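Q: need the 3D shape of this:
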Amino acid sequence: MKRIAIDPDGATATAEGGVNWGELNDATAGHGLAVTGGAVSGTGIAGYTLGGGLGWLMAKYGLAADNLLAVELVTAEGDVLHVDAASHPDLFWALRGGGGNFGVVTSFTYRLHPVQTIVGGLIAHPIDAAPDLLRFYRDAVADASDDLTAYAGLVHAPDGSGAKLAALVVFHAGDPAEAELDLAPFKTWGSPLLVKVGPMPYPAMNTILDAGFPDRALNYWLSSFTRGLPDELIEIAVERFATVPSPMTSILLEHFHGAVTRVGVTATAVPHRDRGWNLLIPSVWTDPRDSEANIAWSRETFAAMRPHFGSGRWLNYLGDDQVEDAIRAAYGPNYDRLGEVKRRYDPDNVFHLNHLGCPVRQVDRQRPVSHTAAGSRTGAGAGVLAQPRRGHPPACSSRGVGHGLGCGGRDRTRRRRRERACAWHARGRPRRRRRVGAVRRDSNQQAGGDPRRDI
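A: As a prediction, this is how the structure comes out:
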């Protein structure tokens, strides 16, 4: 599931579900083209795109989901559909931000844009400068152009020393002369410890954060859109970061503006179209014995910030321990329509290891969780990973959507057919009819164990 086909004349790319963003970025860059992708190069395209797909190019070209033109999808019944705005408009709408609730996508076709050399990089300041830096950042991005994207964060030095830093990550996709003017305030503010900003290929920009999210690390992530960036929220963030238990954890602010905010709330399944910030707390650690302390710190920090949160939650940052209110906040006013599409294409809730679940019967909401290491960057969810509810047959993939029976079935024949399919896949034997085997191969890309779907 790694094939990539680029049509440079038509400015499109078609990639199979096992591709990650590093691979797709490299393939499109050879033609001077790109699409919004993950800021960590090992992020899989599948879960990332189905959950919306925020990234460096979203201010100029929108989300990955906004640039999706078509998909090939295997349904719960094993049918293979070509899905686009003309053939299956409701399903195509739902796949652009509704997550892996409707089937297994085996290929994605994206609209590409001319992108070659960009200007970007890292700026680091002493942690004591954090309150002033975040206030400067708030004001500096207020009138940012579509070419400019800047994130801010409270982070740790990448050398393993545990030193705390206040940092900016800046990105400019416009003319180099304009980039120099737009980025000058960020580069010259205060007394930075590091200014590593300059021209680079677009794929390189999507690797500069890779070291902060190593394979096999344990993760627990929480996030919410904020109601602005008031001084009180800045003070809480700085105060809480002083007590963080892991030298790998950060508090990040992702700025939304430009093209991503000019799409209608109901035009795709992604409702988050307001200018502002998404605040992300990606807790990362390596020793399982530290899980309790890190998860507790994350939850306490999130609770302390809650008075300053808005109503929206980013789908790809939701953990499997999130309650119904958080799931509804991720889908916003699109929740009910997504439920209708779910009932039409997966009435038995086969694809139940996702956050929409089965809205008719509301099952699988109280799933046991295990604090599991993230093994690849192709999955979904947060570091707390859901396991199938007791009494359910095993899914065909240990971390995928598989063929688990979900809600059970109203049709006994159909239910037994799926039971047989699960048994065959458990023995490693491909099913011969239709192309259901594609579900097993691609399932890890759509509901696997890694939270980093959107970075």
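
Q: doesn't Leu122 make contact with Val197?
A: Yes: between Val197 and Leu122 a contact is recorded at 7.2 Å, counting by Cβ atoms under 8 Å. To be clear about C-beta, it is placed using only N, CA and C from the backbone, and glycine gets the same treatment.

Q: look at those two and report which has more neighbours.
A: Higher neighbour count among Val197 and Leu122: Val197, with 21 against 18, using other Cβ atoms under 10 Å.

Q: show me what that one is bridged to.
A: Listed beta-bridge partners, Val197: Gly121 (assigned using DSSP bridges).

Q: for it, list the residues it contacts.
A: Counting by Cβ atoms under 8 Å, 6 or more residues apart in numbering, Val197 makes contact with Val119, Gly120, Gly121, Leu122, Ile123, Val170, Leu183, Phe186, Lys187.

Q: how far away is it from Gly51?
A: Counting by Cβ to Cβ, to the nearest Å, the gap from Val197 to Gly51 is 29 Å.

Q: what residues go with each domain of this protein?
A: Using automatic domain parsing, the domain parsing of the chain gives 4-114, 117-324, 335-447.

Q: any idea which of those domains is most buried?
A: Neighbour counts averaged per stretch over the domains of the chain are highest for domain 4-114, at a mean of 22; criterion: mean count of other Cβ atoms under 10 Å.

Q: any idea of the mean pLDDT in it?
A: Mean per-residue pLDDT for domain 4-114: 97.

Q: distance from the chain centre to that domain, please.
A: 13 Å (Cα atoms, centre = their mean, to the nearest Å).

Q: and for stretch 242-256?
A: The chain centre lies 17 Å from the centre of stretch 242-256; the measure is Cα atoms, centre = their mean.

Q: just the CA coordinates of that stretch, formatted as PDB?
A: Extracted C-alpha coordinates of stretch 242-256, given in PDB (Å, rounded to 0.1, in the frame of the first residue of the first chain):
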ATOM      1  CA  ALA A 242       7.300  24.400  35.400                       C
ATOM      2  CA  THR A 243       5.900  21.200  37.000                       C
ATOM      3  CA  VAL A 244       5.900  19.000  33.900                       C
ATOM      4  CA  PRO A 245       7.200  15.500  34.800                       C
ATOM      5  CA  SER A 246       8.700  14.500  31.500                       C
ATOM      6  CA  PRO A 247      11.500  16.300  29.600                       C
ATOM      7  CA  MET A 248       9.800  15.300  26.300                       C
ATOM      8  CA  THR A 249       6.500  17.000  26.900                       C
ATOM      9  CA  SER A 250       5.500  20.400  25.600                       C
ATOM     10  CA  ILE A 251       2.600  22.900  25.500                       C
ATOM     11  CA  LEU A 252       1.900  24.100  21.900                       C
ATOM     12  CA  LEU A 253      -0.200  26.800  20.300                       C
ATOM     13  CA  GLU A 254      -1.300  26.200  16.700                       C
ATOM     14  CA  HIS A 255      -2.500  29.300  14.900                       C
ATOM     15  CA  PHE A 256      -5.500  29.100  12.500                       C
END
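
Q: excluding sequence neighbours, find me the nearest residue to Ser87.
A: Leu81 (7.6 Å; Cβ to Cβ, 6 or more residues apart in numbering).

Q: what residues are up against that neighbour?
A: Glu72, Leu73, Val74, Thr75, Ser87, His88, Leu91, Gly103.

Q: can you put those in a markdown table and add secondary structure and distance to Gly310?
A: A markdown table is the format used below for the contacts of Leu81 (DSSP: H, G, I helix; E, B strand; the rest coil; distance: Cβ to Cβ, whole Å):
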| residue | secondary structure | distance to Gly310 |
| --- | --- | --- |
| Glu72 | strand | 36 |
| Leu73 | strand | 32 |
| Val74 | strand | 36 |
| Thr75 | coil | 35 |
| Ser87 | coil | 36 |
| His88 | coil | 32 |
| Leu91 | helix | 29 |
| Gly103 | coil | 31 |
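
Q: I'm done for today, thanks for sticking with me.
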